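Chemist: pasting a predicted model and its sequence here:
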Amino acid sequence: DQSPPSIRGRDITLTLRLLSGREVHISINEDATMAELRRYIEKTLALPAHLTRLYLGQDQVNSGYDSTLAQAGIEDEGVLTVVSVASEEFEEVTLEGFGQQLLPARLRKVKLSGACAFWRHYTFRDALLGDKISIRCVKQAFSDEEWAGNLVKEIYLLQHFKHENILKLLDVPPAFEDFNDICIMVEHMDIDLASVLRSSQELTEEHCQYLTYQILRALSYMHSAGVIHHQLKPRVVMVNKNCHVKLTDFLDALPANAVHFDDGDHNRWYRAPELILNQDWTALKLSGACDAWSVGCILAEMYRRKPLLPSRDAITHVQSILKLLGAPREEEMEWVTNQKARDFVAGCTLPTSGPDAWTASLGASEAAQDLLRRLVVFDPRRRCTCQEALQES
């Protein structure tokens with residue numbers, strides 16, 4: 001027998017009876033909700049709540065997640081038959097701005113929560129547990145070969161990663177026969193860090209520390225698996241009301257040591273100098289150093305409440321970096337093998353307040369300033385890794 005912590009009134013005893021004949025006795029508060037009971041059964045029997053059906057006698061218990069046990073007709077000394085099903089039921093749902101899609105019947109649509117060029121984002125609520133769930137839908141997902149490849153990569157990585165600071169993939173609902181459109185179900189997060197930074201929400205030193213710590217944890221985990229996020233920015237750092245962080249958006253993720261990739265011109269403000277100046281990825285291996293640079297830019301932005309290195313294009317971005325950090329020494333330029341890039345850097349005679357002075361105006365703690373000086377480093381070979389930063393944060 002196992003007993004969860006008491007919540008409100010007195011505890012009652014229930015018997016969980018499986019079809020195998022096995023019985024498990026549990027004690028739970030009489031004022032607990034059906035969602036709390038289902039979670040407790042899931043934990044006790046290791047059966048997914050969405051694949052579990054509960055019966056009182058011959059009648060299935062269909063009460064909502066916020067119903068109390070009494071409202072569901074469950075009383076002290078009651079016997080619940082627990083049936084595990086192989087798969088859940090799906091139903092056709094009309095999604096605003098997207099069309100028809102098969103989704104689990106237990107979901108109730110709350111709203112269209114966002115849209116961009118590729119995705120439609122919807123918020124649903126799980127009628128069994130009360131959890132919010134995010135569903136991302138892509139129209140004509142496989143019409144473009146490169147986009148389709150990146151989408152498959154993201155789904156694979158979300159399925160592969162098992163870390164509390166990386167967004168969890170819940171399911172990929174079945175598609176219609178033509179398989180042109182696709183939806184993925186992921187855990188719901190309240191907001192992205194970019195929205196927080198644009199808001200009037202105060203960020204204390206403790207907030208900045210805790211958020212950065214979690215970002216570094218996720219990246220250290222990814223890097224240990226040989227995966228580079230490559231496009232880290234505040235918009236892909238999801239945050240909930242408890243300041244719990246989860247990284248998302250792995251469409252542009254790359255394997256460590258990749259030598260052929262199109263870096264495009266997006267995510268420029270958070271892009272490491274090697275992603276702009278380096279032309280030979282066989283000499284300088286792609287590594288998690290580019291993610292570490294992005295973490296430094298994000299951490300500085302938490303204190304500044306505006307981007308550290310805003311720029312119009314790649315040229316002004318490099319100029320902004322040199323203005324911030326000063327001209328690199330010759331040994332710090334060894335990895336830049338392209339002569340045009342070397343000449344451009346040498347020709348930038350921009351004023352600077354010194355390589356370390358920029359952190360003093362942030363209002364950050366000495367520890368945070370030290371971390372920034374180790375992350376925002378021109379030479380990727382001298383930049384601290386996310387794992388090293390994690391150990392010191």
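Modeler: Right, received. Where do you want to start? Residues are numbered from 1 along each chain as shown.
Chemist: CA only for contacts and neighbour counts going forward, please
Modeler: Noted.
Chemist: what kind of secondary structure is A327 in?
Modeler: Classification of A327 by DSSP: H, G, I helix; E, B strand; the rest coil places it in coil.
Chemist: for it, give its distance to D313.
Modeler: 19 Å (CA to CA, to the nearest Å).
Chemist: the two - which one has more neighbours?
Modeler: Between A327 and D313, counted using other CA atoms under 10 Å, the more crowded position is A327 (23 against 12).
Chemist: so what touches stretch 87-95?
Modeler: The contact list for stretch 87-95 (CA atoms under 8 Å, 6 or more residues apart in numbering) reads 50-51, 100-105.
Chemist: please check those and keep the buried ones.
Modeler: 50, 101-104 (16 or more other CA atoms under 10 Å).
Chemist: closest to V79 out of those?
Modeler: H50 (20.1 Å; CA to CA).
Chemist: where's the closest one relative to F142, distance?
Modeler: Taken as CA to CA, the span from H50 to F142 is 30 Å.
Chemist: returning to what we had before: could you dump the contacts of stretch 87-95 to a markdown table with secondary structure?
Modeler: As requested, these are arranged in a markdown table below (three-state DSSP):
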| residue | secondary structure |
| --- | --- |
| H50 | helix |
| L51 | helix |
| Q100 | strand |
| Q101 | strand |
| L102 | strand |
| L103 | strand |
| P104 | strand |
| A105 | coil |
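Chemist: what's the single longest helix in this structure?
Modeler: Secondary structure of the chain read by DSSP state H shows that its longest helix is helix 205-224.
Chemist: could you pull out the helices for the stretch 251-393 of the chain?
Modeler: 274-277, 289-304, 314-325, 339-347, 366-375, 386-392 (DSSP state H, counting those that start in this stretch).
Chemist: for E23, find the nearest of these.
Modeler: Ranking the helices of the stretch 251-393 of the chain by proximity to E23 (CA to CA) places helix 386-392 first, at 45.9 Å.
Chemist: please save the CA atoms from the closest one in CSV.
Modeler: The C-alpha coordinates for helix 386-392 follow below in CSV (Å, rounded to 0.1, in the frame of the first residue of the first chain):
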residue,chain,number,x,y,z
CYS,A,386,28.2,25.2,-21.3
GLN,A,387,29.3,22.3,-19.0
GLU,A,388,32.1,24.5,-17.5
ALA,A,389,29.7,27.4,-17.1
LEU,A,390,27.2,25.1,-15.5
GLN,A,391,29.7,24.0,-12.9
GLU,A,392,30.5,27.6,-12.0
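Chemist: output the contacting helices and strands for it.
Modeler: helix 205-224, helix 289-304, helix 366-375 (3 or more CA pairs under 8 Å, 6 or more residues apart in numbering; DSSP states H and E).
Chemist: export those helices to TSV and tack on mean pLDDT, mean neighbour count and distance to R10?
Modeler: As requested, the helices and strands packed on helix 386-392 are arranged in TSV below (pLDDT from 0 to 100; neighbours: other CA atoms under 10 Å; distance: least, CA to CA, whole Å):
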stretch	mean pLDDT	mean neighbour count	distance to R10
helix 205-224	98	19	38
helix 289-304	97	24	46
helix 366-375	95	19	49
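Chemist: adding distance to T33 as columns, could you present those in CSV?
Modeler: Formatted as CSV, those follow (distance: least, CA to CA, whole Å):
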stretch, distance to T33
helix 205-224, 32
helix 289-304, 39
helix 366-375, 44
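Chemist: between these, which one is nearest to I191?
Modeler: Of all the helices and strands packed on helix 386-392, helix 205-224 comes closest under CA to CA, at 13.3 Å.
Chemist: residues in contact with that closest one?
Modeler: With contacts defined as CA under 8 Å, 6+ apart, helix 205-224 is touched by 161, 163-166, 228-229, 237, 243-247, 256, 288, 291, 295, 299, 302-303, 364-365, 368, 386-387, 389-390, 393.
Chemist: off-centre distance for the very next helix or strand once past that helix?
Modeler: Using DSSP states H and E, the next helix or strand after helix 205-224 towards the C-terminus is strand 227-228. Offset of strand 227-228 from its chain centre (CA atoms, centre = their mean, to the nearest Å): 14 Å.
Chemist: report all helices and strands that strand 227-228 contacts.
Modeler: strand 254-255.
Chemist: mean confidence (pLDDT) on the strand it packs on, please.
Modeler: Averaged across strand 254-255, the pLDDT comes to 94.
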